[in-house]
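Visitor: Build me a model:
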Amino acid sequence: MTKSIKLLVCLLLLSSLFSAEAQTINVASCSQTDVQKAFNSITNSTRTVNIPVGTCHWTSKVSLNVPSGDPNLSVIGAGTCTGTPASSCNDATTIIDDDSTDSDVLLVLRISSTFSAKFRFSGISIKGGTGSLKQNGTVAVGGNSHNVRLDHIHMDLTTYTNPVSRYYIRLDSVTGVVDHSVFEGNSAGQGALDFWNSFYNGSTDQTGDHAWAAPTGFGTGDFMFVEDSTFNNRGVAGNEHSGSMTDCRAGKFVIRHNILNRMGIMDHPTGGNGRGRGCRAREMYLNNLTGTDAAYDNNLVVAWITSGTALVWGNSASETGFAKFLSLHSERKYKQYRSGWGYCGTSFGPSNFDQNLDVPTGWGCLDQPGQGQSDLLTNDFPNVANKATGCRQTSACVWPRQKLEPVYEWMDSWGCSSCGGTGVGFVTFNEAYSPTVLHNNRDYYVWCDPSSRSGCTSFNGTVGVGSGLLSARPSACTAGPGGNTPGVGYWATDQNTLYVCSRTNTWTAYYTPYTYPHPLTQGSDHTRAAPTARRPVVH
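Guide: Residues are numbered from 1 along each chain as shown. The predicted structure follows:
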């Protein structure tokens, strides 16, 4: 073979490789037939699927199964949203839901590939048409990827012929970011975004047990982030007040730098979903929330927490509309939430799944607010077992030795001076049993607010959460039960770090916010500095 022929062969091979690495599919139209055909033709060499300008009505489900391996796939429409947070979208590529199936999903995106696989879904608008309620979300995204980005999405459920109130997007076992998007609906009582961990880190259980057995990971990328987006709850007659931007079952999410109009966050508890575990963890910070109509929104809550741990800070909620700021509930104290887990405490129980250090209350109740990482549980009722101890649910040693991980709240601004309930400061309880099992300065810690609403005007390291320069932090501090569990907190404004009293008179760095903007919105840049905390804006 001559040198010229060898050179030609090499060039052809390189051209083939380059083509394989950069294959683009240009979809003929936005119709469900053309989009499904394009999705079916995707291979490991496909990098981009472009969906053109148009408005198309879909009458049945469209599914995408991302190939195995380590793809970097983007599905891109022609639309975009403007503003940070996004405030409006141009709807250049619009899908209308005319699917009459009430229990299905309109669009399924399954990223069944490696953790490092990247997937982006962008520039698409989805609106309601003649279709019916989607019990599992209008869009469902699931799989193993830790690099999922959904951006410049506009979802408008107010346009359904028959108004619906259900999930917009279900996010299951993926992490990444939803950003620069606008979501509008009619009283999303069950949550606009639904966070699950059915297959956490590739696990085979659908209960969320593996997510509860893993470290919480505050300040890391092991969460689904939602940032720089706007959520509008339009409301329908007779159901205007029940707006929520989240629901959660064993999920972990971060809500930051968003606008929430007539919406707060909520979750599902352990015991409220059969064998499935409750919400694992959440961070909610630097969001602006408005409740525009006090007559309708008088039951709206900024953060309704029934399970797991949370960091809530730097948010601004308007004076009208929010009856409560942080509402904590240990719901297995209620008869209707017993499921196969049994009741917490002796009021109706007790259950072996709980710590039962205090038998009348059952504290610590499995997965209640302020509880964190646990031993791995396996099997189904009535044979649930603690994998570490080998004990089954008929024995007290089935309790999964759950860590105390309190809920921390600081530097939030709420304009409603007359609102409140039973509790301390921003924390309220409505049900009779929660105050008996959830205690201030043990299960939750609230900011020592200069306005004295928290009952703590000057932080001295004994109760609550302080804030200020690191140099102003008290040297002494009070830990949690036993003197060696997380206790009082201190937000160092010059370090952007929350310190907690891990042992008596011992401060430990506990949390620094994850990189903002999220690295997936910035290409490959993973070195951006953590954000500085800004004072919340009072509306």
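
Visitor: in the sheet, who's paired with residue 139?
Guide: Note on residue 139: beta-bridge partners residue 107, residue 169, judged by DSSP bridges.

Visitor: and it, how many residues sit next to it?
Guide: Close neighbours of residue 139, defined as other Cβ atoms under 10 Å, add up to 23. (C-beta placed from N, C-alpha, C; glycine too.)

Visitor: is it true that it touches residue 97?
Guide: No. When contacts are counted by Cβ atoms under 8 Å, residue 139 is not listed as touching residue 97 (10.0 Å).

Visitor: Just list whatever residues bridge to the closest residue to residue 407 other than its chain neighbours.
Guide: Counting by Cβ to Cβ, 6 or more residues apart in numbering, residue 407 lies nearest to residue 444, which is 4.1 Å off, once chain neighbours are set aside. Taking DSSP bridges as the rule, residue 444 bridges to residue 407, residue 440.

Visitor: Then residue 317?
Guide: Bridge pairing for residue 317 - DSSP bridges - gives residue 289, residue 414.

Visitor: show me what contacts it?
Guide: Contacts of residue 317 were listed using Cβ atoms under 8 Å, 6 or more residues apart in numbering, and they are 289, 290, 291, 302, 325, 412, 413, 414, 415, 416.

Visitor: ok, the residue nearest to residue 407 touching residue 409?
Guide: Yes. Taking Cβ under 8 Å as the definition, residue 444 is a contact partner of residue 409 at 7.1 Å.

Visitor: Quick check: neighbours shared by those two?
Guide: Joint contacts of residue 444 and residue 409 (Cβ under 8 Å, 6+ apart) are 326, 427.

Visitor: Count the neighbours of the residue nearest to residue 407 for me.
Guide: Per other Cβ under 10 Å, the neighbour tally for residue 444 reads 27.

Visitor: And for residue 460?
Guide: By other Cβ under 10 Å, 14 other residues sit near residue 460.

Visitor: Please report how far residue 228 lies from residue 516.
Guide: Here residue 228 is placed at a distance of 9 Å from residue 516 (Cβ to Cβ, to the nearest Å).

Visitor: Look at those two and report which has more neighbours.
Guide: Under the criterion of other Cβ under 10 Å, the comparison of residue 228 against residue 516 puts residue 228 first, with 24 against 21.

Visitor: what's near enough to touch residue 310?
Guide: Applying Cβ under 8 Å, 6+ apart, we find residue 310 in contact with 281, 282, 283, 284, 303, 369, 407, 408.

Visitor: so how many other residues sit close to residue 312?
Guide: 27.

Visitor: And the strands in the stretch 151-300 of the chain?
Guide: 154-156, 169-172, 176-179, 182-185, 193-196, 224-227, 230-233, 246-249, 252-256, 259-261, 281-285, 288-290, 300-305 (DSSP state E, counting those that start in this stretch).

Visitor: any idea how far the longest one is from the chain center?
Guide: Read it as strand 300-305. The chain centroid and the centroid of strand 300-305 are separated by 14 Å under Cα atoms, centre = their mean, to the nearest Å.

Visitor: Determine the angle, from 0 to 180 degrees, between it and strand 252-256.
Guide: For strand 300-305 against strand 252-256, the angle by axes from the mean of the first three to the mean of the last three Cα atoms, to 10 degrees is 150 degrees.

Visitor: Now strand 300-305: average pLDDT?
Guide: Averaging pLDDT along strand 300-305 gives 88.

Visitor: list the buried ones in that strand?
Guide: Within strand 300-305, the residues that qualify as buried are 300, 301, 302, 303, 304, 305, counting by 16 or more other Cβ atoms under 10 Å.

Visitor: Which residue ranges of the stretch 301-450 of the chain form helices?
Guide: 434-437 (DSSP state H, counting those that start in this stretch).

Visitor: and what of the stretch 51-200 of the chain?
Guide: In the stretch 51-200 of the chain, no helices are defined using DSSP H, counting those that start in this stretch.

Visitor: which residues are in contact with both of residue 139 and residue 97?
Guide: Counting by Cβ under 8 Å, 6+ apart, the common neighbours of residue 139 and residue 97 are 106, 126.

Visitor: picking that back up, residue 495: which of the strands of the stretch 151-300 of the chain is closest?
Guide: Residue 495 lies closest, by Cβ to Cβ, to one member of the strands of the stretch 151-300 of the chain: strand 281-285, at 15.6 Å.

Visitor: Show me what the closest one is packed up against.
Guide: strand 252-256, strand 309-313 (3 or more Cβ pairs under 8 Å, 6 or more residues apart in numbering; DSSP states H and E).

Visitor: hmm, 10 Å instead?
Guide: strand 224-227, strand 246-249, strand 252-256, strand 300-305, strand 309-313, strand 407-410 (3 or more Cβ pairs under 10 Å, 6 or more residues apart in numbering; DSSP states H and E).

Visitor: want to throw those into JSON lines with distance to residue 149?
Guide: Formatted as JSON lines, the helices and strands packed on strand 281-285 follow (distance: least, Cβ to Cβ, whole Å):
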{"stretch": "strand 224-227", "distance to residue 149": "10"}
{"stretch": "strand 246-249", "distance to residue 149": "18"}
{"stretch": "strand 252-256", "distance to residue 149": "14"}
{"stretch": "strand 300-305", "distance to residue 149": "25"}
{"stretch": "strand 309-313", "distance to residue 149": "23"}
{"stretch": "strand 407-410", "distance to residue 149": "29"}
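
Visitor: Which among these is found nearest to residue 129?
Guide: Comparison of these against residue 129 by Cβ to Cβ identifies strand 246-249 as nearest, at 23.8 Å.

Visitor: That closest one pairs with which strands?
Guide: Here strand 246-249 is paired, per DSSP bridges, with strand 193-196 (parallel).

Visitor: Just give me how far the strand it pairs with sits from the chain centre.
Guide: From the chain centre to the centre of strand 193-196 is a distance of 6 Å (Cα atoms, centre = their mean).

Visitor: okay, it in PDB with CA atoms only?
Guide: In PDB, the C-alpha atoms belonging to strand 193-196 read as follows (Å, rounded to 0.1, in the frame of the first residue of the first chain):
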ATOM      1  CA  LEU A 193     -41.900  18.700  40.500                       C
ATOM      2  CA  ASP A 194     -42.000  15.200  42.100                       C
ATOM      3  CA  PHE A 195     -38.700  13.900  43.500                       C
ATOM      4  CA  TRP A 196     -38.200  10.100  43.900                       C
END
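
Visitor: picking up where we left off before, adding distance to residue 110, write the strands of the stretch 151-300 of the chain out as JSON lines.
Guide: Shown next, in JSON lines, are the strands of the stretch 151-300 of the chain (distance: least, Cβ to Cβ, whole Å):
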{"stretch": "strand 154-156", "distance to residue 110": "19"}
{"stretch": "strand 169-172", "distance to residue 110": "9"}
{"stretch": "strand 176-179", "distance to residue 110": "15"}
{"stretch": "strand 182-185", "distance to residue 110": "22"}
{"stretch": "strand 193-196", "distance to residue 110": "13"}
{"stretch": "strand 224-227", "distance to residue 110": "16"}
{"stretch": "strand 230-233", "distance to residue 110": "25"}
{"stretch": "strand 246-249", "distance to residue 110": "18"}
{"stretch": "strand 252-256", "distance to residue 110": "20"}
{"stretch": "strand 259-261", "distance to residue 110": "29"}
{"stretch": "strand 281-285", "distance to residue 110": "24"}
{"stretch": "strand 288-290", "distance to residue 110": "33"}
{"stretch": "strand 300-305", "distance to residue 110": "30"}
